[in-house]
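Asker: Build me a model from this:
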Amino acid sequence: MALSHEDLLHGATITNLLREIAKLDEDIVYKIKFDGTKAAYQIIFSHETRKGLLKIGFFLKHSRKRISPWRYTFTNDHQEEIETLDKENDYVFVLLITDQEGVAVLNSQLLKSLLDNNSYETGSISISRKHGENYRVNGSKVRLNKALPKNNFPSSIADVVIAYLKRKQSKRKLLLKYFKYLVERD
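Answerer: Numbers count the residues shown, from 1 in each chain. Now for the predicted structure:
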């Protein structure tokens, strides 16, 4: 079986996330479920010595363009798939892979606001980055007021998993703590 460019980028992204979590706590175990298309994943995290599960849905999109700006289209089917992930998980993150440049992290609520529609019309997101700067994100009709940190992935998601499984904070407080920028926009 030949591996596509998409397979390689998705595999590297998920592997980097799991490696970061293992580096922070080797007792965290996970199970990966493949839901829907090749873009949707569910990872169920648990701790070997503590009770509780954390379900996180991931929707990955990639751009093969080598330099900024990178553009991503979200069809009606993509948005419905993300909505399904939202219903089945504690968190949902949309990971926008900018070829080999990095990964921009959005949550599902921010994605909806950037696409600025409730009718599931096809929408798009553009990510740009100048040398040495963070990601700038523009949606179909909305511009994000704050830059997304370029080095936010995978550490911010790993921090959420670790903190929740160690019972330091609730799921809602964790999302607000680690992803404050995800709710700020023009």
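Asker: Okay, now the unreliable bits of the chain?
Answerer: In the predicted model of the chain, residues 35, 116-120, 167-186 satisfy pLDDT under 70.
Asker: So what touches the longest helix anywhere in it?
Answerer: Counting by DSSP state H, the longest helix found in the chain is helix 5-24. The contact list for helix 5-24 (C-beta atoms under 8 Å, 6 or more residues apart in numbering) reads 28, 30, 32, 38-39, 41, 43, 45, 58, 60, 62, 64, 95, 97, 99, 103, 153-155, 157-159, 161-162. Every C-beta, even on glycine, is put in place using the N, C-alpha and C of the backbone.
Asker: please redo it, this time with the cut-off set to 7 Å
Answerer: 28, 30, 38, 41, 60, 62, 64, 95, 97, 103, 154-155, 157-158, 161-162 (C-beta atoms under 7 Å, 6 or more residues apart in numbering).
Asker: If any of those residues are buried, put those into a ChimeraX selection.
Answerer: Buried residues among the contacts of helix 5-24 (16 or more other C-beta atoms under 10 Å), as a ChimeraX selection:
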select :28,41,60,62,95,97,103,154,155,157,158,161,162
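Asker: Neighbours of residue 33, how many?
Answerer: By other C-beta atoms under 10 Å, the residues close to residue 33 number 12.
Asker: just the one 3 residues further on next, same as before
Answerer: The number of residues packed around residue 36, counting by other C-beta under 10 Å, is 17.
Asker: Which element, helix or strand, includes it?
Answerer: Per DSSP states H and E, residue 36 falls between elements, in no helix or strand.
Asker: Which other helices and strands does the lengthiest strand in the chain contact?
Answerer: The longest strand of the chain (DSSP state E) is strand 50-63. Helices and strands touching strand 50-63, by 3 or more C-beta pairs under 7 Å, 6 or more residues apart in numbering; DSSP states H and E, are helix 5-24, strand 40-47, strand 70-74, helix 76-88, strand 91-98, helix 155-165.
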